[in-house]
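>>> With the input below, show me the fold.
(3 chains)
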Amino acid sequence: MFQHQIQSIRPLTTAHLAQTMTLLGMTSAELSQKIESELAKNPALELMEERRCPTCKKPLHEPGPCPICSRPSTNNTEEPIVFVSSIADRYNQNSLKNTGYSAEELPDDNFAPKEDLAAYVLRQIASDLDIKDRPIAAHVLTSIDDDGLLQISLFEISRYHHVSQSQIEEIIEIIQRADPIGVGSQSPQDALLVQLKVLQENGNTIPHLAEKAIRDGMSFLSRHQYVDLAKSLKINPTEAEKIAKFISKNLNPFPGRAHWGDVRQNNNDNPPVYHQPDIIVKNLNSKKNAPLVVEILLPLRGTLNINPMFRKNLKNAPDESIEQWKKDLENANLLIKCIQQRNNTMQRLMGYLAEYQRGFILKGDKHLRPTTRAAVSKVLEVHESTISAHLNEMVKFEHQPLTDSQISKQLSKMGYKIARRTVAKYRSMEGILPAHLRKNLKN
DNA sequence: CTATGGCACGGATT
DNA sequence: AATCCGTGCCATAG
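The predicted structure is shown next:
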């Protein structure tokens, strides 16, 4: 009797779909929050602190490359896309190793224990930098303040590394283009100029004179003195105000503080939150058909599973709380299934996008190929009629007419665990005749 | 005997 | 409360 009651949630219940949808709409950060709160209030859930190799799925007992398949398969050139799903673990330096850095290359002890702007930026630009330039980039990034602005002089850096200042400038230019854009600038003015330039390159329309306003009227801008700004630009005050509004709305003189656009919310007590990426797409080398590496940051470390003790003790649960326990177990089950589903969908989605939008990823906004959600969902076969689609295919290519139970078996192998009876329903909905009648039709 | 379809139940959703 | 959906049971068609 208990067996029946606690059997796992079937993958295709509407509850499952609905929950998956909500989870899909969440960012990694949001999701890990949810998981944490779920873990706190649901005793049936358990977090195994286990690292698994992203490629071969074998458990990893120590950090570093997987001993079985040695490395994340980034050198596999046959596939157009390679997945490296890595744990969202920006707090320790192992994650930096994955970006191509070794710990020695980084100035030590400069990493705050929590989310760190320097590490965050390093991850993004690692592949764009020459090996010899990386220590310099690390130096620059560890010398920026909370606002994201460079606090030491170029001269200091250039002397330390024995390179010319112009080389440092080149590196800083790369850094400035990482998110948050403008980070590593030497002044708010510089940051604004870079942001403006990037906006323009991405095809946004920029008010005339915006650049001049930043270059020449910076002091007026920061004090909201539109009249004086207008005078210095030799335009009328309303124009000047327009430009100033545009700048304050779209640009952020302190790129280290919250993401631009959130400038208004800056007055709360929360420390600045950097836009955490959920997915990082990397181009490892500049060869024509080089694979893009898609790194998917999982929302949690370790594996989430059902606490086996909880399942065992369900039998002995006190009568008054048995309902609650069963609910907990179901919720736990649901959450786990949905997260797996989310990961799976995310991988397939990114695989498709990396290929379809390759131009956009490599060359920028102008190469964005328009699509609709409907089209993508069709390719990924995650729209409602997934089952029907599979069913149609199976019947189309069957050698001998498949009975409903055979179809049910096949589908369950593909991950759709549905009963024979349900297959019959879908079949009739699709207007497919029963097996014995199809046989007559063929011969 | 097997494959299928009607009916009704339970549960989850709105 | 109304409804939708997957599924089990059982009658029946082949």
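
>>> Is DNA strand B within reach of stretch A:429-443?
Yes: Stretch A:429-443 comes into contact with DNA strand B (C-beta under 7 Å from any atom of the strand), by way of A:Leu433, A:Pro434, A:Ala435, A:His436. Just so you know, the C-beta spots here come from the backbone N, C-alpha and C atoms, and that holds for glycine as well.

>>> Could you look up the SS state of the first one?
Three-state call for A:Leu433 (DSSP: H, G, I helix; E, B strand; the rest coil): coil.

>>> How about A:Glu46?
strand.

>>> can you pull the contacts of it?
Residues near A:Glu46 by C-beta atoms under 8 Å, 6 or more residues apart in numbering: A:Leu304, A:Asn305, A:Ile306, A:Asn307, A:Pro308, A:Phe310.

>>> and those as a markdown table, adding secondary structure, pLDDT and distance to DNA strand B?
As requested, those are exported to a markdown table (DSSP: H, G, I helix; E, B strand; the rest coil; pLDDT from 0 to 100; distance: C-beta to the nearest atom of the strand, whole Å):
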| residue | secondary structure | pLDDT | distance to DNA strand B |
| --- | --- | --- | --- |
| A:Leu304 | strand | 70 | 20 |
| A:Asn305 | strand | 72 | 20 |
| A:Ile306 | strand | 73 | 16 |
| A:Asn307 | coil | 74 | 20 |
| A:Pro308 | helix | 74 | 22 |
| A:Phe310 | helix | 75 | 18 |
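
>>> Show me how to select, in ChimeraX, the buried members of these.
Burial among these is assessed by 16 or more other C-beta atoms under 10 Å; the matching ChimeraX selection reads:
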select /A:304,306,307,310
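
>>> Residue for residue, what is the longest helix chain A has?
helix A:322-356 (DSSP state H).

>>> for the record, mean pLDDT for that helix?
The average pLDDT within helix A:322-356 is 71.

>>> Enumerate the residues of the stretch 301-443 of chain A near DNA strand B.
A:330, A:403-405, A:420-421, A:424, A:427-428, A:433-436.

>>> what do you get if the cut-off is 6 Å, keeping everything else the same?
Contact residues, the stretch 301-443 of chain A versus DNA strand B (C-beta under 6 Å from any atom of the strand): A:Thr403, A:Asp404, A:Ser405, A:Arg421, A:Ala424, A:Ser428, A:Pro434, A:Ala435, A:His436.

>>> hang on, isn't the last one packed against A:Pro401?
Yes: with contact defined as C-beta atoms under 8 Å, A:His436 reaches A:Pro401; the gap is 7.0 Å.

>>> pLDDT weak spots in the stretch 1-150 of chain A?
Within the stretch 1-150 of chain A, the ranges that satisfy pLDDT under 70 run A:1-30, A:48-116.

>>> Please name the nearest non-neighbouring residue to A:Asp146.
A:Gly256 (5.4 Å; C-beta to C-beta, 6 or more residues apart in numbering).

>>> secondary structure class for that neighbour?
Of the three states, A:Gly256 takes coil under three-state DSSP.

>>> Can you verify my assumption that it contacts A:Gly182?
No: in this structure A:Gly256 lies outside contact range of A:Gly182 using C-beta under 8 Å: 9.1 Å.

>>> where do the contact lists of the two overlap?
Common neighbours of A:Gly256 and A:Gly182 (C-beta under 8 Å, 6+ apart) are A:Gly148.

>>> which of those two has more neighbours?
Using other C-beta atoms under 10 Å, the more surrounded residue of A:Gly256 and A:Gly182 is A:Gly182, with 29 against 20.

>>> For that one, which three-state class applies?
With three-state DSSP as the basis, A:Gly182 sits in coil.

>>> gap between A:Leu391 and A:Met350?
According to C-beta to C-beta, to the nearest Å, A:Leu391 and A:Met350 sit 27 Å apart.

>>> Please read the previous query as pertaining to A:Ala240.
Shown here: A:Ala240 relative to A:Met350, a distance of 44 Å by C-beta to C-beta.

>>> Compare these two (neighbour count), which wins?
Higher neighbour count among A:Ala240 and A:Met350: A:Ala240, with 25 against 20, using other C-beta under 10 Å.

>>> helices or strands up against the helix or strand containing the more buried one?
Here A:Ala240 sits within helix A:237-250, counting by DSSP states H and E. With contacts taken as 3 or more C-beta pairs under 8 Å, 6 or more residues apart in numbering; DSSP states H and E, helix A:237-250 sits against helix A:188-201, helix A:210-216, helix A:226-233.

>>> follow-up on the earlier one: with pLDDT added, can I get the residues of the stretch 301-443 of chain A next to DNA strand B in TSV?
Formatted as TSV, those follow (pLDDT from 0 to 100):
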residue	pLDDT
A:Thr403	90
A:Asp404	90
A:Ser405	90
A:Arg421	91
A:Ala424	91
A:Ser428	86
A:Pro434	88
A:Ala435	85
A:His436	84
